[in-house]
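Q: Using only what follows, build the 3D model:
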Amino acid sequence: MVRRGSHIELNHLLGLDKIEGLDQLKELKTLYLQENLIKKMEGFDQLKDLKILNLTDNMIRTIEGLGNNKDLQTLLLKRNKIGTNGLDDVRGVLEAEAIK
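A: Modelled structure (predicted):
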């Protein structure tokens, strides 16, 4: 784990399938969570200053919970399970204003 002020990396953690405690990191700007077992996008809506979110190589099926992330500029979701349920899986991208 790497943590420097507004930047956190939690990559390649064996068994990491859920993210908790994000409400404690209100000023976080960059969050890297690639190569884990995360299945659901939870708690990211509490990170209002978040600019970069990397969830590459996880088990996420639906993009959701980005409505409060007004500053989010980069969302990386390569190699997840998104799209198996059609367009409903990606509807959450529309919630993040800065990504449009």
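Q: Every contact and neighbour count from this point should use C-alpha atoms.
A: Fine.
Q: does the closest residue in space to residue 47 that isn't next to it in sequence count as helix, strand or coil?
A: Nearest residue to residue 47, sequence neighbours excluded (C-alpha to C-alpha, 6 or more residues apart in numbering): residue 26, at 5.3 Å. Of the three states, residue 26 takes coil under DSSP: H, G, I helix; E, B strand; the rest coil.
Q: and residue 26, how many residues sit next to it?
A: Other residues within reach of residue 26, judged by other C-alpha atoms under 10 Å, total 14.
Q: For it, give its distance to residue 62.
A: For residue 26, the distance to residue 62 equals 23 Å [C-alpha to C-alpha, to the nearest Å].
Q: do residue 8 as well
A: In this view, residue 8 and residue 62 are 23 Å apart by C-alpha to C-alpha.
Q: quick one: which of these two has more around it?
A: Regarding residue 8 and residue 62, a neighbour count based on other C-alpha under 10 Å identifies residue 62 as having more, with 23 against 17.
Q: Where does pLDDT dip in the protein?
A: Counting by pLDDT under 70, the chain has low-confidence residues at 1-5, 84-100.
Q: Report the central residue of it.
A: Nearest to the mean C-alpha position of the chain, by C-alpha atoms, centre = their mean, lies residue 53 at 4.9 Å.
Q: Just say helix, strand or coil for that one.
A: Assignment for residue 53 (three-state DSSP): strand.
Q: tell me the contacts of it?
A: By C-alpha atoms under 8 Å, 6 or more residues apart in numbering, the contact set of residue 53 is 30, 31, 32, 33, 72, 74, 75, 76.
Q: Of these, select the buried ones using a ChimeraX command.
A: Of the contacts of residue 53, the buried ones go into a single ChimeraX selection, burial set by 16 or more other C-alpha atoms under 10 Å:
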select :30,31,32,33,72
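Q: how about the contacts of residue 53 in CSV, adding distance to residue 43 and secondary structure?
A: Converted to CSV, those look like this (distance: C-alpha to C-alpha, whole Å; DSSP: H, G, I helix; E, B strand; the rest coil):
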residue, distance to residue 43, secondary structure
30, 14, strand
31, 12, strand
32, 14, strand
33, 13, coil
72, 14, coil
74, 17, strand
75, 15, strand
76, 17, strand
